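Enquirer: all I have is the shape, not the residue letters:
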């Protein structure tokens, strides 16, 4: 192996990053910060995929391509989400999730 | 302690500390800057794992694209020196309980499972191999997901334009 680091260290670090994202997703109220938490979670999963690819199946590229597709999906998700956020800001003059409750009930 | 291990410690400490700061900082522009640091250290980890292409994609697409997009939308929608009010205590407690319980569960599972690292020689990843894999099918070919992603990107582009367009009112 090229690095002197056990696989578990990568996995534990990515887990902490993922659950930091979960905490932000639950507690934040601003739509843009919620989007940032989602990006954190996607990145943590990418780190896990690449570490598995490198340590367990180094002669295949499944993890590499899966991470590539995850990055593409994350990019398009961010573009659409920001378009929706800007549209919400136009109609409510706020992007607080507590104030955009017109379709709630 | 080898240089590799020192680099790993620096990158992972940066990732964990700045991701916690990203979700707890009360100034939104600072949260975006901390997110940028997290993404840059992630790309450092990809370089350590020898995935040079993905590390470059991470730097250009995330650090260069998504963070800039997020910062622009922050500038469009909120005042820079505005400070969020702190989230309700009950919500914070529930969030902390959910995330800490989840983290403990996952880390416990990960540590109790014995992974068997492969001893096979690592495949040399170059641009030639990546490009050929993306347009071939059969064994080690990814033509179908590649086409799906291209349709998804086109749909996302059209959707972003249509949604953000100003609706004309008479």
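Expert: Nice, I can see it. From a predicted model like this one, the values you see are computed outputs, not experimental measurements. Numbering: from 1, shown residues only, chains lettered A, B, ... in the order given.
Enquirer: for chain A, what spans make up the helices?
Expert: Remark: helices assigned in chain A by DSSP state H are A:7-27, A:31-56, A:62-92.
Enquirer: may I see the ones you listed organised as a markdown table, with mean neighbour count added?
Expert: For glycine as for every other residue, the C-beta is placed from the backbone atoms N, C-alpha and C. What follows is the helices of chain A, written out as a markdown table (neighbours: other C-beta atoms under 10 Å in any protein chain shown):
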| stretch | mean neighbour count |
| --- | --- |
| helix A:7-27 | 22 |
| helix A:31-56 | 22 |
| helix A:62-92 | 19 |
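Enquirer: got the ones you listed as TSV, with distance to chain B columns?
Expert: Compiled in TSV, the helices of chain A are given as follows (distance: least, C-beta to the nearest C-beta, whole Å):
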stretch	distance to chain B
helix A:7-27	3
helix A:31-56	5
helix A:62-92	3
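Enquirer: could I get those as TSV with mean pLDDT?
Expert: As requested, these are exported to TSV (pLDDT from 0 to 100):
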stretch	mean pLDDT
helix A:7-27	93
helix A:31-56	93
helix A:62-92	91
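Enquirer: spatially central residue for chain B, please.
Expert: Centre of chain B computed as the mean C-alpha position; nearest residue by C-alpha atoms, centre = their mean is residue B:39, 6.1 Å away.
Enquirer: shouldn't it be within a helix?
Expert: Yes. Assignment of residue B:39 by DSSP: H, G, I helix; E, B strand; the rest coil places it within a helix.
Enquirer: so it is in contact with residue B:62, correct?
Expert: Yes. The pair residue B:39 / residue B:62 is scored as a contact, 4.5 Å apart, by C-beta atoms under 8 Å.
Enquirer: quickly list what's touching both of those two.
Expert: Common contacts of residue B:39 and residue B:62 (C-beta atoms under 8 Å, 6 or more residues apart in numbering or on different chains): A:39, A:43.
Enquirer: stretch B:69-82: how far from the chain's middle?
Expert: Averaged C-alpha coordinates place stretch B:69-82 at 20 Å from its chain's average position (C-alpha atoms, centre = their mean, to the nearest Å).
Enquirer: what do you get for stretch B:38-52?
Expert: Going by C-alpha atoms, centre = their mean, the spacing between the C-alpha centre of stretch B:38-52 and its chain's C-alpha centre is 11 Å.
Enquirer: can you give me the buried ones in that stretch?
Expert: Taking 16 or more other C-beta atoms under 10 Å in any protein chain shown as the basis for neighbour counts, the residues of stretch B:38-52 that come out buried are B:38-51.
Enquirer: low-confidence ranges in chain B?
Expert: By pLDDT under 70, the weakly predicted segments of chain B are B:169-170.
Enquirer: one more time with 80
Expert: Within chain B, the set of residues satisfying pLDDT under 80 comprises B:1, B:79-87, B:119-123, B:166-170.
Enquirer: got the angle between the lengthiest helix in it and helix A:7-27?
Expert: When chain B is scanned for its longest helix (criterion: DSSP H), the result is helix B:89-112. Note on geometry: by axes from the mean of the first three to the mean of the last three C-alpha atoms, to 10 degrees, helix B:89-112 and helix A:7-27 are set 160 degrees apart in direction.
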